[in-house]
Every structure is written in C-alpha cells, then in structure tokens.
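Chemist: Can you look at this prediction? I've put the sequence above it.
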Amino acid sequence: MLARGAVAEVVLPGDVPGMAVLGHEALKEFMGHPDVAKSAEHFTALQEGRIPVGWPLTTFATVPGMVTADGAEHRRLRSLIGKAFTARQVAALRPGVERLTAELLDGVAAAAAAADDGVVDLRRHFALPLPMSVISELLGVDAEFRDRLHTLSTQVVSTDIAPEEAVAANREMVAVLGAVAASRRARPGRDLTSALIASRDDDGSDSSSSSSSSSSSGNGGDRLSQHELIGTMLVMIVAGHETTLNLITNAVRALCAHPDQLELIRTGAADWADAVEETLRWDSPVSFFPFRYPTRDVTVDGTVIPRGTPVLAGFSAAGRDAAAHGPDADRFDVARRSTTRHLSLGHGAHYCLGAPLARMETTIALRQVFTRFPDLRIAVPETELARQRSFVGNSVRELPVVLGRSAS
C-alpha cells in the first residue's frame, strides 16, 4: 500500500469507507494537524446512523476516555492518568518487574520440561502474563478477573468478529470492569483505579452515578464520570497489555530470526533498548490504529482526506518507509543510528502515555530471556505462525520455542 502512495483509500469491515495514512512524514503531519480530531462526534457515518450495531471497530471510536477526547477534555483526562506514568513512578516499578520476569521464566522452564517435545508457548507463558500482571497491579485488578479481561480485550480489538460477538464482548467487558471498580471502592488500595474513584467521589457523590456532574464543565474538572472511569480502565487494560504483549513477542521473533543482531547486543555493539526501538519501527505491535477524523477537508501529501472520514494511522508502513528510514528500511538492524524517530508509539498530544512502562518491561524481558536461555529458538518456521485476527494488533497468536540450555 505504501508503494502506491503515502495516503490510501481503504474499506473497513462492514463496507465502511475510510482512509489510511502510511508514509512516515505524512502520518506525522496528520497526527499533529490542528484540524484532525479523535472524538467520534466528527465521524460522519456514525453521526448519520450508517454504522451498524455490532460494528467491530465501534469500541475504538466510542469508548469514553482520553483516546477519544480532544483539547481541554483530553488534557483533563490525560492529567488524571499521567500521574501513574511519571519517570519516578515507572522507575519504582522496575524491581517488581525484574522479580516477576524471573518468576515467569521459572514457569516457562517448568512448562518446557513437562512437554514431551520440550516446546513451550512463550507468548502464553511469558509475553502475556508479564504486562497483564503489571498493568493489573497498577490498576488494582484482582487476579480472579485477569484471564477473562485478556480474553475480552482480544475480542474487543479483533477486526473480524461477528456483530453479536462484538456486542456481547463489550457488554461483558463493561460488566467485569464495573466489578473491578466496585471491588476497589469497597477495598481501596494504592492503585490507580482507587485513586480515580477517590477523585470521582471526593464531593460525596454516588459512585454508581453516570451523570455528567464530573465533567470538565461541571462540579470539579478533575473528576471522572462513571462512563469515563470504565472507559479509562478499558483503554488502560487493552493498551497496557496487548501492545506490550505484541512488542515482546515480535522482539523475540526478530532476534531469533536475526542471530547476527543478537550477537551485536551480546558483544556490546548495541543494547537491549536498541532492540526494543528497532522492533517498534520494524515490526510495530500496532499496525493500523483507529481513528482520527478531519474536521474539514485536509490535504496530506497531495491527497484530500474528506471531513469526517475515519482514518487509520498506518504505523507498520510508516516504520518501513524508506523515505524516512533509508533504503534498508526493511532490514532489522539493532545498531541502526537514525535521526528519524519511529512513530509506533504515536505523535503529538496523543503520544502513548504508557510508552516508558512498555519500553522498560520489554527491555527487562529481552535481557532476562536471552541471558537465561542463550540458545532459545523458534520451534517452527515463521510461515507456520498464525497471525492475529486483527489489522490493529500486529503479532502472532502463539510463539512456540525451544529453550535449549539454561545459563542459570
């Protein structure tokens, strides 16, 4: 698609017309454009009633929270969440992530030992529970809810799900998150959900209320409504573990497929953080992210994007754009020294709030995995790895590996 132009017309599920911005510079311009919004009030087809019930991308468009807010409303919501992702807060999480990583790798080794062929799914046993546990601890999600939330979030981000399945998954997700919020209100802790509830209820209002009294124009601009609370939790759960799950998975795949690049890290010519950044560019954990909408007709790289069009951010294509990353953009190179920064974590006001946490988790994961299992290899050819059922998330469903000898 990128070879045909930096901006492309696409057909979304349900024959909904849209567009995708694919070129690096075009995407950077579009994401920072003053006449481009995130709120679905600018989604013409939705506002005109032309989007069917159960459309698989509805959640991306309509979930209440900072990812679908603009201007002052976005700044209000982002400021409430941002307190949990300061450099100091993320640094404080490091020792716990280090311990959890080591414990999970113990489990990986045990699972491999118990398998007749020694093959273990590194995605299921390691890449998934690491970020899921971290974001759950941050949000105060009890262990009893975590597996179900992962299953539901996978359905929510699936782009080929049937309408009735999409509706059911979204309803159950709201119900489960409501139960999590109720648990935290009954037993507050030092977690983000408890803090958000306290902020929402500090005027003595009923936490079960979904009124708009907590909006920025109402009784206290730093409070969340019930809908905003659940929407914020949903976004945090999905973004907080699905993207890092894909990032860890893709990075392990890339390093196993490029042993020369792994050797550069082991010899000190590059480091694990370089591998994380190169994976973000070369095999972005999010391929096409929904949605942004021009508030008027906007011209990007010579192509007019009509007002109200749902537009996908084409992170995968932008990461391979030779015009930005050089003629070898298709090559995985952990020692790449480029002045052009990838866009896989966003750009502008909606830059990924959890980027420091995702980078930290993945760096720790890669270092410990390849230090403990120096001969780790993928158990099947890359072509046999089934892809995710989504054009949003970008990874494989399973990562079967053979651990080889253990360095511990």
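Modeler: Happy to help now that I have it. Numbering: from 1, shown residues only.
Chemist: contacts, neighbours, all on C-alpha from now
Modeler: Will do.
Chemist: residues in contact with stretch 43-53?
Modeler: Stretch 43-53 is touched from outside by 16, 40-41, 163, 167, 293, 307-310, with contacts defined as C-alpha atoms under 8 Å, 6 or more residues apart in numbering.
Chemist: With secondary structure, neighbour count and pLDDT as extra columns, can I get the residues you listed in a markdown table?
Modeler: Shown next, in a markdown table, are the contacts of stretch 43-53 (DSSP: H, G, I helix; E, B strand; the rest coil; neighbours: other C-alpha atoms under 10 Å; pLDDT from 0 to 100):
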| residue | secondary structure | neighbour count | pLDDT |
| --- | --- | --- | --- |
| 16 | strand | 15 | 96 |
| 40 | helix | 22 | 97 |
| 41 | helix | 16 | 97 |
| 163 | helix | 15 | 92 |
| 167 | helix | 19 | 92 |
| 293 | strand | 29 | 98 |
| 307 | coil | 17 | 98 |
| 308 | coil | 23 | 98 |
| 309 | coil | 22 | 98 |
| 310 | coil | 27 | 98 |
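Chemist: Remind me what the longest helix along the chain packs against, helices and strands.
Modeler: Counting residues, the longest helix found in the chain (DSSP state H) is helix 226-257. Counting contacts by 3 or more C-alpha pairs under 8 Å, 6 or more residues apart in numbering; DSSP states H and E, helix 226-257 is packed against helix 129-139, helix 143-157, helix 163-186, helix 192-201, helix 259-266, helix 272-282, helix 355-372, strand 377-378.
Chemist: Any buried residues in the third one, and which?
Modeler: Spelled out, that is helix 163-186. 166-167, 169-170, 173-174, 176-178, 180-185 (16 or more other C-alpha atoms under 10 Å).
Chemist: and the angle for that helix with helix 129-139?
Modeler: On the basis of axes from the mean of the first three to the mean of the last three C-alpha atoms, to 10 degrees, helix 163-186 is oriented at 50 degrees to helix 129-139.
Chemist: How far does helix 163-186 sit from its chain's centre?
Modeler: The chain centre lies 19 Å from the centre of helix 163-186; the measure is C-alpha atoms, centre = their mean, to the nearest Å.
Chemist: which residues sit against that helix?
Modeler: Against helix 163-186 from outside (C-alpha under 8 Å, 6+ apart): 53-56, 59, 140-142, 145, 149, 152-153, 155-156, 193-194, 197, 230, 233-234.
Chemist: do that again at 7 Å, thanks
Modeler: Outside helix 163-186, the residues that touch it by C-alpha atoms under 7 Å, 6 or more residues apart in numbering are 53-56, 141, 149, 152, 155-156, 193-194, 197, 230.
Chemist: ditto for the second one
Modeler: Defining contact as C-alpha under 7 Å, 6+ apart, one finds that helix 143-157 is touched by 166, 169-170, 173, 238, 390, 392.
Chemist: okay, now the residue nearest to residue 265 when sequence neighbours are not counted: neighbour count?
Modeler: Sequence neighbours aside, residue 271 is the residue nearest to residue 265 in space, at 4.9 Å (criterion: C-alpha to C-alpha, 6 or more residues apart in numbering). Residues lying near residue 271 (other C-alpha atoms under 10 Å) number 17.
Chemist: before we move on, what about residue 52?
Modeler: Residue 52 has 13 nearby residues by other C-alpha under 10 Å.
Chemist: so who does residue 291 touch?
Modeler: 38, 61, 310-312.
Chemist: which among the residues you listed gets closest to residue 1?
Modeler: Checking the contacts of residue 291 against residue 1 with C-alpha to C-alpha, the nearest one is residue 312 at 12.9 Å.
Chemist: quick check, that closest one in a strand?
Modeler: Yes: using DSSP: H, G, I helix; E, B strand; the rest coil, the assignment for residue 312 is a strand.
Chemist: So for it, what pLDDT did the model give?
Modeler: Note on residue 312: pLDDT of 98.
Chemist: Report the contact partners of it.
Modeler: Applying C-alpha under 7 Å, 6+ apart, the residues near residue 312 are 19-21, 288-292.
Chemist: if you set the cut-off to 10 Å instead, what comes out?
Modeler: For residue 312, the contact set (C-alpha atoms under 10 Å, 6 or more residues apart in numbering) comprises 7-8, 10, 12, 18-22, 27, 287-293, 392.
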